[in-house]
Each structure stands twice: as structure tokens, then as C-alpha cells.
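Colleague: Attaching a predicted model along with its sequence, questions to come.
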Amino acid sequence: MNNFITLKLKITLVLFLCVLTTFAQQEKAGYAIIPQPVKLIPAAGNFEWTTATKLLLAENSESLAPALTELKATFALLKQGKTAANTVTLGLDPSIANEGYTLSVEKNAIVIKAATIQGAFWAVTSLKQLMGTAILRRKQVLQKSLLSAIAIPCVKIEDAPHFSWRGIHLDVSRHFFDLAYLRTMIDRMSYYKFNKFHLHLTDDQGWRIEIKKYPELTSKGAWREMNGQDSSCIALAKTNPDYAIPEKHFKMIDGKKMYGGFYTQDEMRGLIAYADSKGIEIIPEIDMPGHMMAATNLMPWLTSHGKGGQAKDFSEPLCPCKETTFEFAENVFTEIAALFPSKYIHLGADEVEKSSWKNVLECEALMKKEGLKSVDELQSYFVRRMERFFNSKGKKLIGWDEILDGGVSPTATMMYWRTWVPTAPKHAAEKGNDVIMTPGEFCYFDAQQDGGSLQKVYSFDPYKFNISESEKKFVIGVQANIWTEYIPSERRLEYMVFPRMLAMAEVAWFKGGVDWNNFENRVQKHFSLLDAMNINYRLPDLDGFTTQSVFVDKGTLHINKPLAGLTIRYTTDGTLPTLQSKIFNGDLTITKPVEFKVAGFRPNGNRGDIYTINYVHQDYIKPVQLSSPAKGLKFSYYPRFYKTVNAIDEKDLTNEGISAAIEIPVAKTAESFATRHKGYFYAEETGIYSFALRSDDGSVLKLGDKVFIDSDGMHTSIEKSAEIALEKGYHPFELMFLEGGGGYTLKLQYKTPSGKLKDVDASVFFH
Ligand code: ACM
């Protein structure tokens, strides 16, 4: 946090450009702090601002002075004083945990205590959240007389983070994000008490950090013509402009329009200092020996076969059997180690095409010399040698969990991502390696979202992965990873990150005893804060309808608004809803087949997801007659990988039985498998039933012998819903499900004609 010190000198009462658009409409955020403080005792009343309110640094608290900078920015018009009747005081308390703080707000005194600058800093962050939207809107200059309109509710908070690593990772290689936007990201991370910003600076698609020894890495390696992922984004931009690749990242090079960008070392130093002033450390990742195409296209001699480009599954990796490789890597990391003050450097080491090292003379010779038995051990040789080099520069190595392959030194830190290798965290912790938890299932924010994604992140338990009580101390934290193959713009990035980042903030800081409903209520309040920060967050889902709807005589389209201030607009001519489309003002009666396209619009005009609601006419499906149906469904289990349910082969069947409802009654499922639940669904009354099927990976539901919900194929957790008109009685039912690997979800809910959505249970299934 050295730069706090330099900032300390700049006690500039820079006018804090905040705002109160209408003070009369002042919103009070109450105690909706995210992440939830460990202990919060509410009290009556608000802090009472006066024109004489002063900032105080308590005696013997000079070491916290840098945090005063942030307080001064927050209370731009307050003068620092020595004594006053009405004060905001910052004081040192060495008994408080690292990064912890206490915050007391009384009617005429706000007191912050901390042992470290970071702790004091996070106290200011909590205070800012208590102040609500007023200090976030940056359109008007705050006038002192208006301070009184900012209600800070009285409270006592004692707080400290659970994890010391609370990270956000951003891939700036696949798509480039400029320095101005990285600063914005840092502001937002800091607002939610994240403290590590992991920059994935190099990959096959572009090299983003200046290396003075190899200028071509950025003069050429940072620029590309459109690749396949760019073309997909351009195609998607036709219906969603957030997929458009910003013009500002194109440049003419040798007569060709090239896409890209990079950071000079000076620029990066500026960013590091800015992050530091916001309580955040930047961790650089230069991904080796795989994911190196941006470099190997320029220096093909670094690979085993003297060519860059794509190999079997991944790109041609650096050859770990040539001294030229280590010369290159050490030259790069010498500059990286000097540039980044973090004690960590991330070596990557994921997804390496190790088959490229087979039958290579240099590798055979090295393996013989070093007694290495496999290409996995060659990878381990590379990682260990790089780790010794990092250590010689006073740095610690982090690698993705592939660093375990072939053995890892106990001083390396492992970043866990491959959910389909659930034993990896335990293997690392058993050996005494620190572990940072970023399992794909919960932490990959490039995965598409739907209405269940926020809760999914909130349900993340970083200790779940076979970690014993005594091994928990090796789990130093959690991180959300943002891979940007299909995230070309800042708006798209914000859509993917918010509000999921709020759930990750709470997992990282404190979740003990806090339930989902409590969190969701606070998130509702934070939407107005996100609006005030002008963040293009994903709106909560519109609901109350089914996308595949049916009517027999006539139907009613009902839509619930998830957020106050939202306007719902719709079209029926196939076009996408715009600000000019009709407003949905209440239930609509359906008497003929129609397709609606519906979206919510925020007051600033930002549009949420577009929902297509299709109404078709249907007659009630007749039931089948069963003489003596037994309870439950026939369950079949196939422990094999299939890409689609049609591929399920009865020859692979290993287990059969009866399941009460939609359960998988297998003691230990295989990594990849398929299941079938077959029997009858009992419709208790004649009417329209609605089903919602959530699965990760694919699933297909047949009802009345027809495919009714098709969610087939390999995908993350998504929900699909549909309606069906059923006559009272038994209807043939079949649910097929696929798990490709990496953790599964299978959940079926339904709504009776007169009931509410609920989980299916044993009462409705027969065979
Ligand atoms: C990774 O997602 N390849 C670490």
C-alpha cells in the first residue's frame, strides 16, 4: 500500500464529483452492506451533519493517515481538524485483525478503528455503502449545505475478512480492455472489498504487456486480424450491440485493420499505483508453457517442432527441453518481477499440449538426464525450474491446478479451476500447498447467466472440495475468473460480472450464518447503487410466465416486475423490443396463437434480457388408463459420456431401480453419465400445467409421449420451462439427463393449474 503514502501528501480537497440529482428523493440504503459485516448492531437515528463537521486523525494513528485520503475524497468538503463537537475520526487499534476494522456511527461522531491501512480503508468502504447512491452519482458538485441530506444510519460494526485472497481475474488477451476501464474495474472491486486483481496478460490471442527485451511481443503480438471468436461476437452483435467490438481497439498496421492493444510498463506502473490506492494488489499472469501462440508465432524456435500455431487440443507449447526456452522465460519474468510489486507471479501452466513433447530428441535426452518418466514430469520440471527462478527474484509462484501433474513443490500456490478434478484441492492441501479456489462451476463469470446464476455463486462453499478441517488453513481465498473470448466490450463485461460479483464478494469476505434471502434483499437495494455507478448489470429475471405457453380457450399473459422503476415493453411482430415498443401495463388476454418478445427497461434506457413467449393452441391431452400403478419412476443409469440424449445406448446400462421422484439413487456417480426416469405423471386436475427443468448438462423431458422440454447437449446450469394442457389422470413421463463432467444439476419444478411453482415430489410419480 505504499502509494497511500504518496497520496497522503496530496491532500487535495479535489472536489468530489458526487451528486444528488434530487435530494428530496434521497434513497436510504439502510444497512444493506455487501459483503455482510461479521457483526452489525443497528441503532436508532442518523449521524447529524453540521457545517462544522471535521475529520480527525486520532493521536498516535499516523500509520493510518493514508486511509484518510479516501475519507477526504468521500467527504470532499470537510476540513481536517484537531477537535470538534461533530467529527469523523480515524484511529489506530493494534488489537484489530489484519484488514479488519470497527466502525461506530453515532449522532455526532463517526469513529473508525483499524490496525492496518487496509482495515481502515474497508471501513471507509462500508461507510460509503451506508451513504447510499448520493456519493456515487458524479454529475453535480456536492455542496456542504447538502451533506445533511446524506443519511448515515447509526450503527456499530466489527468486521474482518474470512479470506485474505479475494480476487477477480480478467483475461485481457482474448479481448482487450484499456487502462481507463481497468481503473473503473478497480473502483468497483474496491467498493465490494476485493483485494486481488489477477490480470491474464498473455494468451494465444494477444500479448498485452510490454517486454523491453522483446519489443515485437507487443508491436506485433498485441495485434490480430479478426479470429473465429471475434466473428462470433460480430454475428451476435446483430441482435445485441453489447457484442460489438469497440472501434477504439482497432488500428491500421501495414495497411491492415488490426485489433488489439497493450500496456506499456509505465502505464502498468500507473495502474498498479492506482489499484494500491484502492486497497488492491495486481497479480500478473504470463501463461506458460501453453497458451503461448502470441509469442511462438513470432519465435517458433521456442517450441519443440520449431512451429507455432495450433497442436492437437491446445496450441504448440514452449519446449521445456531447450535452454533457449528458459532464456526467453527468464528474460520475460525478470521484467515482470521488477514491474509488479506483488509477491506473487502467476505462471499459468494450464491446458498444455504435452503430446508435442513426445518423440522429441531434446526431450528424450533431458528425461534421461533428469530421470523423468513422462511428459507430465517434463511439465513439472518446467514449473519447478521457473519456481526456483521466481524465488530468486523474491517472488512466489501461482499456477492453475495442472501444476499438480507430475508433482509440485510444496511452496507453490495452486489455483483450482477444473471442477472435474475434485480431488485436486485436497492433493494440494495434503502436501501443504496454499490453494485459491476458483472452480469453474461457481467462479467462471464468462459462463452464461440465467435467473439461477446469482444463487449458484452464493451457494459456493470453498471448503466443499474434500478439504478436511485441518486442511482448511491452506485455502487462502477465492476468485471469480472472467475469460473474455465472447466478452468484447465493457458493457458485455459488466453484464457478465454484475450482480454475480456481489455474491462472490460475500463468499470471500463473510457468509457465516447469512442466508440467501437476506443476501437477496440486500442485492435488491444494491441495484440502485449499481445504477448510480452506471453499471450495465444483468437485470433480475422477469417472471410469472412460461416461455412455451399454451391456451385451450383463452389464456392470460401475466408478468411480474422484479424491480421497482422497471418498464416492461413488448412486440408481437418478431422485432426486438425497444424504448418505442408498447408498454406492458397489466395482464393480456390471449385468444389466438402469438409470439411476444418482452424486455424490462431501466430508467436510464438500459434493456434487460429479451424473453420470447410463445402461445400455441392445444387441446387437453387425454390420460392413459392404469390398472394398479405403483409409486415412483423407473430409474436407469448409464456411466458413459454422451453428447446428446439420443446417443444413450442401452448396452451401457449398469443400474436400474425405482426412484421416488427426480433423484439419482447411485452411491457414487461416474465423472460422466446419463440417467433416465420413466413412468407416469399424475395430473390431479384438468388444466394447464407448467414445468421448469434446470440442468447442467443436458436434459430432455417427454410428457404424453412427445418431447416437451428440450435442453439437450453440453451446457452450464440453465432452466427451460414450458406449459402443457392435461386432462386429469396419468400421463406418460420420461426424463433423460446427461452429465459430461464437472458437477451436475438436475431439478424439475411444476405448477398445477391452481397452484404455485414447487419441486416435483413422490406424490405425482407412478410406474
Ligand atoms: C483455465 O480456465 N484454462 C485456467
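Modeller: Received the coordinates, thanks. Numbers count the residues shown, from 1 in each chain.
Colleague: what's around residue 517, how many residues?
Modeller: By other C-beta atoms under 10 Å, 8 other residues sit near residue 517. Every C-beta, even on glycine, is put in place using the N, C-alpha and C of the backbone.
Colleague: just residue 707 next, same as before
Modeller: Number of residues near residue 707 (other C-beta under 10 Å) recorded here: 14.
Colleague: My read is that it contacts residue 693, right?
Modeller: No - counting by C-beta atoms under 8 Å, residue 693 is not a contact partner of residue 707; they are 11.7 Å apart.
Colleague: tell me, what's touching these two both at once?
Modeller: residue 701 (C-beta atoms under 8 Å, 6 or more residues apart in numbering).
Colleague: Taking the stretch 1-150 of the chain, what residue is nearest to the ligand?
Modeller: Per C-beta to the nearest ligand atom, residue 35 is where the stretch 1-150 of the chain lies closest to the ligand, at 25.0 Å.
Colleague: Which single residue of the stretch 401-550 of the chain approaches the ligand most closely?
Modeller: For the stretch 401-550 of the chain, C-beta to the nearest ligand atom, closest residue to the ligand: residue 417, 4.6 Å.
Colleague: Spatially, and excluding backbone neighbours, which residue is closest to that residue.
Modeller: Excluding the flanking residues, the one nearest residue 417 by C-beta to C-beta, 6 or more residues apart in numbering is residue 438, at 5.1 Å.
Colleague: quick one, what contacts the one you found?
Modeller: 167, 169, 415, 416, 417, 444, 478, 479, 480, 481.
Colleague: ok, now with 10 Å
Modeller: Counting by C-beta atoms under 10 Å, 6 or more residues apart in numbering, residue 438 touches 167, 169, 198, 400-401, 415-419, 444, 460, 462, 477-481, 504.
Colleague: In terms of helices and strands, where is residue 502?
Modeller: If you go by DSSP states H and E, residue 502 is part of helix 500-509.
Colleague: Tell me the helices and strands packed up against that helix.
Modeller: Identification of packing neighbours for helix 500-509 by 3 or more C-beta pairs under 10 Å, 6 or more residues apart in numbering; DSSP states H and E yields strand 165-171, helix 179-191, helix 440-443, helix 453-458, strand 475-482, helix 516-532.
Colleague: could the ones you listed go into JSON lines alongside distance to the ligand and mean pLDDT?
Modeller: As requested, the helices and strands packed on helix 500-509 are exported to JSON lines (distance: least, C-beta to the nearest ligand atom, whole Å; pLDDT from 0 to 100):
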{"stretch": "strand 165-171", "distance to the ligand": "9", "mean pLDDT": "98"}
{"stretch": "helix 179-191", "distance to the ligand": "19", "mean pLDDT": "97"}
{"stretch": "helix 440-443", "distance to the ligand": "7", "mean pLDDT": "94"}
{"stretch": "helix 453-458", "distance to the ligand": "17", "mean pLDDT": "95"}
{"stretch": "strand 475-482", "distance to the ligand": "7", "mean pLDDT": "98"}
{"stretch": "helix 516-532", "distance to the ligand": "27", "mean pLDDT": "93"}
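Colleague: Of those, flag the one that's most buried.
Modeller: By mean neighbour count, with neighbours taken as mean count of other C-beta atoms under 10 Å, strand 165-171 ranks first of those at a mean of 25.
Colleague: now for it, which elements pack on it?
Modeller: By 3+ C-beta pairs under 10 Å, 6+ apart, strand 165-171 packs against helix 179-191, strand 196-200, strand 281-288, strand 413-416, strand 435-437, strand 475-482, helix 490-497, helix 500-509.
Colleague: and residue 67, which of the ones you listed is closest to it?
Modeller: Nearest to residue 67, of all the helices and strands packed on strand 165-171, is helix 179-191, at 12.3 Å by C-beta to C-beta.
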